[in-house]
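1. I would like to see how this sequence folds:
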Amino acid sequence: MTSKLIDHAVPLIRAVVIHPDRRGDNARHASERLEEAVGLAQALDLDVRAQEIVRLRSVTPATLIGRGKLEEIAALILAADAEAVVVDDQLTPVQQRNLERFWDIKVIDRTGLILEIFGRRARTREGRLQVELARLEYERSRLVRTWTHLERQRGGTGGVGGPGETQIELDRRMIADRIVRLKAELEEVRRTRGLHRKARKQVPFPSVALVGYTNAGKSTLFNRLTGAEVMAKDLLFATLDTTQRTIRLPQGRPAIIADTVGFVSDLPHELVESFRATLEEVGEADLILHVRDIASPDSAAQAKDVETVLEQIPTPEGKTRRILEVWNKIDLLEPETRETVVGQAERLAREGSAVAVSAWTGEGIEALRETIAALIDDDPDTQLTVEPHRGDLLAWLYANGRVTGRETDDDGRVHLTVRLHPAALGRLERLYPDVID
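-> Coordinates of the predicted model:
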C-alpha cells in the first residue's frame, strides 16, 4: 500500500483520497486513476492531505475494503487530521454507511463527488435541473441527509405526513415528488430543444459537436475556432452548460459548433440519463470532434471511456455518425514523441479520421478547419452565373454555401461552383429563381 502526505497552506475541508485497485477491472494504471480522483477532489475545493492506492485481492461486500486495510486507512486519516474520505469507487449505500461508522468520518464515493462538482458548476436553469435530478436519483437509495432544502419546497399539497409516518418515509416521499416535477420540467426543456433544433435545420448550416474527456482542452479549442471567450481552465468539468457559436470554414461556408460537458471514466448513469437532453445535441450533429489530450499517458484509456458514453447517445434514424479525432496539446509532447504523433496524424488525416493540433498555440488549427470542411461538405456542386450588378446574390452565396470554384469572364459575369445544403438550395431557388444554370 503506497501513500503520500501533502501539505497545503490554505485550510479547506481536509480530505484523504483512496483509490481501491480492483485487479483487472480497468486498463488504466492505478496511479493515473488516483491522480484523476485527486483532481476531482481538488475541483470540489477539498484540501487533499493524503492520497493512497489500496490493492484489493477481493471485494468485501459490507465495506468494499478488508478490515486490515480499513485499519491502516484509519491511521492515515488520523495522521492527516482529515474531515472526509473520498473513495474512488461506486459504493453501495450499505458500504458507504459502514465505512462512515468504521472511520467515524464523512465518506464520499466517486459518483457523489462528480455529482457535487456538477452541482457547483451548472449555471443555466437546464443544467441545474439536470444536476438536481441526478443527485436525487442517487440519494434516493441512501437518504443520508435530512433534505430540509426540499422541505421548503413542499408547499401545502401532500407535504405533511400522517401520524406515525417516519422521517425516512417523509424524505422518500419528498424526493419522489420532486423527481416527478423535475422530470416534467426537463421534458419541457427537451421539447423546447427539439423545436430549436428544428428551427436550426431551416438555417442551412451543418452542425459540429465537441466531445472529449474532461480537461482535454475542448473549451480552449472552441475559443480558438470561434473567437469566443468560454471559460477554459486547467480544471476538471470546467464546462457543463452547452455553448454554441457559428464558425467560418475555408472558402466561406459557415457551421454551428457546440462545446459540451466533458466525459469521465465511470460517468454516473444518473448523469448520463439526466443530461440526455443536452447529449442529444451530440447525436444530432453532422460531425463529432472527439478532442483527446494526446500528451496524457492515459489518452488511449480516456478515449475508450468517451467512446463508451457516445455509444449510449442515440443517433437519429438514417443519420450516419461521423467522428474526427482531434489530438490536442501536441505542444506538451517531447520533440521525438511529437514528431511521431504528428506524422501518424498526418497519415490518418488523409482518411479524415485524425488531426493533431495545439489549441493553446494555434498549431494545426487551419488544417483542422480544412478537414472539418471536407467532412461536412458532401453536398453536390451547383453551377451558377452571377451578373456584375448582383453583389447581393454573390454575398448570399458566400454566406450560405461553400464556393469551390470562381471565374470571371470578359463581361464581368462571375461563374461559380458552389456547394449548398438542400435547404439552402431551396431558399436560393425561391429568392433568386433566375440564376440556376
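2. Now tell me what touches stretch 298-312 from outside.
-> Applying C-beta atoms under 8 Å, 6 or more residues apart in numbering, the contact partners of stretch 298-312 are 26-29, 32, 36, 211-213, 216, 263-267, 272, 282, 288, 290, 292-293, 296, 323, 325. (C-beta placed from N, C-alpha, C; glycine too.)
3. Can I get that stretch in CSV, CA atoms only?
-> C-alpha atoms of stretch 298-312 as CSV (Å, rounded to 0.1, in the frame of the first residue of the first chain):
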residue,chain,number,x,y,z
ASP,A,298,-3.8,7.9,-20.2
SER,A,299,-5.0,9.2,-23.5
ALA,A,300,-6.0,5.8,-25.0
ALA,A,301,-8.0,4.7,-22.0
GLN,A,302,-9.7,8.1,-21.8
ALA,A,303,-10.7,7.8,-25.5
LYS,A,304,-12.3,4.4,-24.7
ASP,A,305,-14.3,6.0,-21.9
VAL,A,306,-15.6,8.7,-24.3
GLU,A,307,-16.5,6.1,-26.9
THR,A,308,-18.4,4.2,-24.2
VAL,A,309,-20.5,7.3,-23.4
LEU,A,310,-21.0,8.0,-27.1
GLU,A,311,-22.5,4.6,-27.6
GLN,A,312,-25.2,5.5,-25.2
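4. Okay, domains of the protein per the record?
-> 2-112, 122-190, 204-376, 381-431 (automatic domain parsing).
5. picking up where we left off before, A PyMOL selection for the contacts of stretch 298-312, restricted to the buried ones, would help me check which they are.
-> For the buried members of the contacts of stretch 298-312, the matching PyMOL selection, counting by 16 or more other C-beta atoms under 10 Å, is:
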select buried, resi 26+28+32+36+211+212+213+216+263+264+265+267+272+282+288+290+292+293+296+323+325
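6. The contacts of stretch 298-312 in helices, which ones?
-> Using DSSP state H, the subset of the contacts of stretch 298-312 located in helices is E32, E36, V272, V282.
7. Surely A255 touches F205?
-> Yes - the pair formed by A255 and F205 meets the contact definition of C-beta atoms under 8 Å, at 5.6 Å.
8. who touches both of these two?
-> Common neighbours of A255 and F205 (C-beta under 8 Å, 6+ apart) are T246.
9. on that earlier part again, in strands only, show me the contacts of stretch 298-312.
-> Of the contacts of stretch 298-312, the ones assigned to strands by DSSP state E are V211, G212, I288, H290, R292, D293, I323, E325.
10. Mind listing what's buried along stretch 113-125?
-> Residues of stretch 113-125 classed as buried: L113, I114, L115, E116, I117, F118, G119, R121, A122 (neighbour count, 16+ other C-beta under 10 Å).
11. Kindly reformat the domains of the chain as CSV and extend each row with mean pLDDT.
-> Putting the domains of the chain into CSV (pLDDT from 0 to 100) gives the following:
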stretch, mean pLDDT
domain 2-112, 86
domain 122-190, 69
domain 204-376, 83
domain 381-431, 84
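12. Quick check: I175 vs E132, distance?
-> Using C-beta to C-beta, to the nearest Å, I175 is found at 11 Å from E132.
13. Between those two, which is the more surrounded one?
-> E132 (22 against 19; other C-beta atoms under 10 Å).
14. Identify the residue nearest that one in space, chain neighbours excluded?
-> In space, not counting the residues next to it along the chain, E132 is nearest to L182; the distance is 6.1 Å by C-beta to C-beta, 6 or more residues apart in numbering.
15. so which helix or strand takes in the one you found?
-> Applying DSSP states H and E as the criterion places L182 in helix 167-202.
16. ok, which stretches of the stretch 201-350 of the chain are helices?
-> Remark: helices assigned in the stretch 201-350 of the chain by DSSP state H, counting those that start in this stretch are 218-226, 269-274, 276-284, 299-311, 335-349.
17. What are the contacting residues of the last one?
-> Contacts made with helix 335-349 from outside it, assessed by C-beta under 8 Å, 6+ apart, are listed as I294, E325, W327, I330, L333, A354, V355, A356, A367, T371.
18. Number of residues surrounding the first one?
-> Neighbours of I294 under the rule other C-beta under 10 Å: 28.
19. Find the residue closest to it in space, skipping its chain neighbours.
-> Of all residues not flanking I294 in the chain, W327 sits nearest, at 3.9 Å (C-beta to C-beta, 6+ apart).
20. Pull the contacting residues for the one you found.
-> R292, I294, V341, A345, A354, V355, A356, V357.
21. which stretch among the helices of the stretch 201-350 of the chain comes nearest R14?
-> The closest of the helices of the stretch 201-350 of the chain to R14 is helix 269-274. By C-beta to C-beta, the value is 27.0 Å.
22. roughly how far is stretch 208-222 from the heart of the chain?
-> Distance, stretch centre to chain centre, for stretch 208-222: 8 Å (C-alpha atoms, centre = their mean, to the nearest Å).
23. and the end-to-end length of that stretch?
-> Start-to-end span of stretch 208-222 (C-alpha to C-alpha, to the nearest Å) is 11 Å.
24. quick one on the thing from earlier: ok, and the most crowded of the contacts of helix 335-349?
-> With neighbours taken as other C-beta under 10 Å, the top of these is I294, carrying 28 neighbours.
25. from the ones in strands among the contacts of stretch 298-312, which single one is nearest I18?
-> Using C-beta to C-beta, the ones in strands among the contacts of stretch 298-312 come closest to I18 at D293, 24.9 Å.
26. dump the residue contacts of the residue lying closest to the closest one once chain neighbours are set aside.
-> In this structure, D293 finds its nearest non-sequential neighbour in A216, 4.4 Å apart by C-beta to C-beta, 6+ apart. Going by C-beta under 8 Å, 6+ apart, A216 touches G262, V291, R292, D293, Q302, N328.
27. A255: what's it in contact with?
-> When contacts are counted by C-beta under 8 Å, 6+ apart, A255 is found next to F205, P206, S207, V208, T246, I247, L249, I372, I376.
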